[in-house]
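**Student:** Got a sequence here, can you model it:
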Amino acid sequence: MTERRVVITGVGAVSPLGEDAASTFEGLCLGQSGVRTIDRFDASGFSTRFAGQIENIPLLPGAWSETASRYEAADQMDRKTRLLLSAASEAWTQAGGDDRGARSLGRPERIGICLGSEVGRKLLEEVAQRSVRFAGIPTLQPVVPHLPIGEMARMRPSHPGHVLTSILGTRGPNRTVSTACTSSAGAIAEALYLVRRGTLDIAVCGGTDALVEAFMLSGFSLLGALSSRNEDPQGASRPFDRERDGFVLSEGAGVLMLEAEEHALARGAPILGYLLGAGLSNNAYRITDSPPDGTGPMISMNAALDDAGLKPEAVDYVNAHGTSTQMNDLSETRGLRRTFGAHAERLRVSSTKSMTGHLVAACGAVEAIASLLSLRSGRVHGTLNLKHPDPECDLNYLPDGCEDVAGGIGVAVSNSFGFGGCNASIVLGAP
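**Tutor:** Now for the predicted structure:
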């Protein structure tokens, strides 16, 4: 079977930098930070009191709003689902979709959904509260909480995808990837495989997450993973800087419309760029750390380049995972050097998380969109707060901000490396 070329025909994003993909990218190019002191709940008792927060989730258009309101009425709409629907409606409209749903773009059974998402935090919070309440009592009751039907629905990682397919009326596969920080990048890879081999004509893919809440803030604080630079929230996320002290929790969603090239051309869809390849790997090292030698990241990047049929020298830009933690940034730097060899010296590399914070299950999608918009515009955003370069993180991480690349860029790699050891790299090409 001849594999099909896969194009991107629509993108949508909601992030601490903007309510759509264009404003998010513009904020990145302007070197803005979406990180600030938490005002959604009382965080005064935590060692970290700041995050990447979204002020307003855009209203949904037409039929989207009507269907979503039914989930609201049934208490089955949580924040991460709202974020997803906002990003998806933007991507869907840009690709040419309308209120007729899947039928406006093709055959519903040939359109599918692949999303990155994680378990609903409210379930975890309930388990924790009951475990404390019943501590020392020999019963399974604390860890089998009785929840309302709406809460049971929202706790599933697959719930946002179920809501989205109800709105669009898609009949193709509906898949959820839940691998922490690599969730949405893994979902994009899954979507690529489904479209490339002919299972689908169109895949709505990406991810969503909403981590700015007390339970997750306390958990990551106890792990020692978060920056505690409370006196300077906007300067807290500083990937590849020798004074980095942890990542910044954030929230958001990103959605890409992947489509077989011949299908997109036949219906006159806009071709924003190409998804050329994807690579996945696992560290088999530690739950919370990347391997010091960069082996896991190297494997995923090599696999992505092999999948795309490209040599390392073809790549112009890498959107790094760049979390601002000691081990991730060092591991990624070493992985980049092992993958690209001498070409690593010529790469432009930057971290979106230096400005958005860490969107966890959504980061791969939002960063893939940023990479795509760099390919389209020839502008590569910098790495904010990189004022004291770590001598062991010695690549060109664009500390001086956004760069307009003469002649543009043709190929970009977007990296996502997650808790648990999962790695994902995707390769994008200019239109």
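
**Student:** Can you pull out the low-pLDDT segments for this structure?
**Tutor:** Applying pLDDT under 70 to the chain flags residues 1-2, 120-154.

**Student:** and with 90 instead?
**Tutor:** 1-3, 62-63, 66-77, 118-158, 215, 218-224, 286-291, 418-420 (pLDDT under 90).

**Student:** okay, which residue is most central for it?
**Tutor:** Cys363 (2.2 Å; Cα atoms, centre = their mean).

**Student:** do you know how far the residue nearest to Leu428 when sequence neighbours are not counted is from Ala180?
**Tutor:** Sequence neighbours aside, Ala412 is the residue nearest to Leu428 in space, at 5.0 Å (criterion: Cβ to Cβ, 6 or more residues apart in numbering). Where you see a C-beta, it was placed from the backbone N, CA and C, and this is true even at glycine. According to Cβ to Cβ, to the nearest Å, Ala412 stands 23 Å off from Ala180.

**Student:** quick one, which of those two is more surrounded?
**Tutor:** Higher neighbour count among Ala412 and Ala180: Ala412, with 25 against 20, using other Cβ atoms under 10 Å.

**Student:** and that one, that's in a strand?
**Tutor:** Yes - Ala412: assigned to a strand according to DSSP: H, G, I helix; E, B strand; the rest coil.

**Student:** contacting residues around it?
**Tutor:** Val315, Asp316, Tyr317, Val318, Asn319, Ser371, Leu372, Ser374, Leu375, Val427, Leu428 (Cβ atoms under 8 Å, 6 or more residues apart in numbering).

**Student:** Now that the residue nearest to the centre of the chain has come up, it's in contact with Thr179, right?
**Tutor:** No - checked against Cβ atoms under 8 Å, the pair Cys363 and Thr179 is beyond contact range at 11.9 Å.

**Student:** Show me what counts as buried in stretch 91-104.
**Tutor:** Going by neighbour count (16 or more other Cβ atoms under 10 Å), the buried part of stretch 91-104 is Ala91, Trp92, Thr93, Gln94, Ala95, Gly96, Gly97, Gly101, Ala102.

**Student:** Then stretch 28-46?
**Tutor:** Residues Leu28, Cys29, Gly31, Gln32, Ser33, Gly34, Val35, Ile38, Ala43, Phe46 are the ones in stretch 28-46 that count as buried (16+ other Cβ under 10 Å).

**Student:** Render the CA-only coordinates of that stretch in CSV, please.
**Tutor:** Provided in CSV are the C-alpha atoms of stretch 28-46 (Å, rounded to 0.1, in the frame of the first residue of the first chain):
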residue,chain,number,x,y,z
LEU,A,28,5.9,34.1,21.8
CYS,A,29,7.6,36.3,19.1
LEU,A,30,7.2,39.4,21.3
GLY,A,31,8.8,37.6,24.2
GLN,A,32,5.8,37.9,26.5
SER,A,33,5.2,35.7,29.6
GLY,A,34,1.8,34.3,30.5
VAL,A,35,2.9,33.4,34.0
ARG,A,36,1.6,35.3,37.0
THR,A,37,0.6,35.0,40.6
ILE,A,38,-2.3,32.6,41.1
ASP,A,39,-5.7,34.3,41.7
ARG,A,40,-8.1,31.4,41.0
PHE,A,41,-7.7,30.0,44.5
ASP,A,42,-5.8,30.8,47.7
ALA,A,43,-2.3,29.6,47.0
SER,A,44,-0.7,31.5,49.9
GLY,A,45,0.2,28.3,51.8
PHE,A,46,2.1,26.7,48.9
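
**Student:** roughly how far out does that stretch sit from the chain middle?
**Tutor:** Here stretch 28-46 is found 18 Å from its chain centre; the criterion is Cα atoms, centre = their mean, to the nearest Å.

**Student:** Repeat that for stretch 292-300.
**Tutor:** How far stretch 292-300 lies from its chain's middle: 20 Å, per Cα atoms, centre = their mean.

**Student:** Contacts for that stretch, please.
**Tutor:** Under Cβ under 8 Å, 6+ apart, the answer for stretch 292-300 is 279-285, 290, 321, 327, 330-339, 415, 417, 421, 423-425.

**Student:** Helices - which of these land there?
**Tutor:** Those of the contacts of stretch 292-300 mapping onto helices are Met327, Leu330, Ser331, Glu332, Thr333, Arg334, Gly335, Leu336, Arg337, Arg338, Thr339, per DSSP state H.

**Student:** Please indicate which of those are buried?
**Tutor:** Buried among these (16+ other Cβ under 10 Å): Leu330, Ser331, Glu332, Thr333, Arg334, Gly335, Leu336, Arg337, Arg338, Thr339.

**Student:** With respect to Arg379, which of those residues is nearest?
**Tutor:** Leu336 (21.2 Å; Cβ to Cβ).

**Student:** And that closest one, how far from Val315?
**Tutor:** Applying Cβ to Cβ to Leu336 and Val315 gives a distance of 10 Å.

**Student:** what comes into contact with stretch 332-347?
**Tutor:** Under Cβ under 8 Å, 6+ apart, the answer for stretch 332-347 is 240, 290, 292-298, 301-302, 305, 312-313, 315-318, 320-322, 349, 392-396, 415, 417.

**Student:** So how do I select the buried members of those residues in PyMOL?
**Tutor:** To isolate the buried ones among the contacts of stretch 332-347 in PyMOL, judged by 16+ other Cβ under 10 Å, type:
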select buried, resi 240+290+294+295+296+297+298+301+302+305+312+315+316+317+318+320+321+322+349+393+395+415+417
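
**Student:** who's the nearest residue to Ser15 once chain neighbours are set aside bridged to?
**Tutor:** Here the nearest residue to Ser15 in space, its sequence neighbours aside, is Gly252; by Cβ to Cβ, 6+ apart that works out to 4.1 Å. Residues in a beta bridge with Gly252, per DSSP bridges, are Asp209.

**Student:** Which residues are in contact with the nearest residue to Leu372 once chain neighbours are set aside?
**Tutor:** Using Cβ to Cβ, 6+ apart and skipping residues adjacent in sequence, the residue nearest Leu372 is Gly273, 5.0 Å away. Applying Cβ under 8 Å, 6+ apart, we find Gly273 in contact with Val7, Ile8, Leu372, Leu375, Arg376, Leu428, Gly429, Ala430, Pro431.
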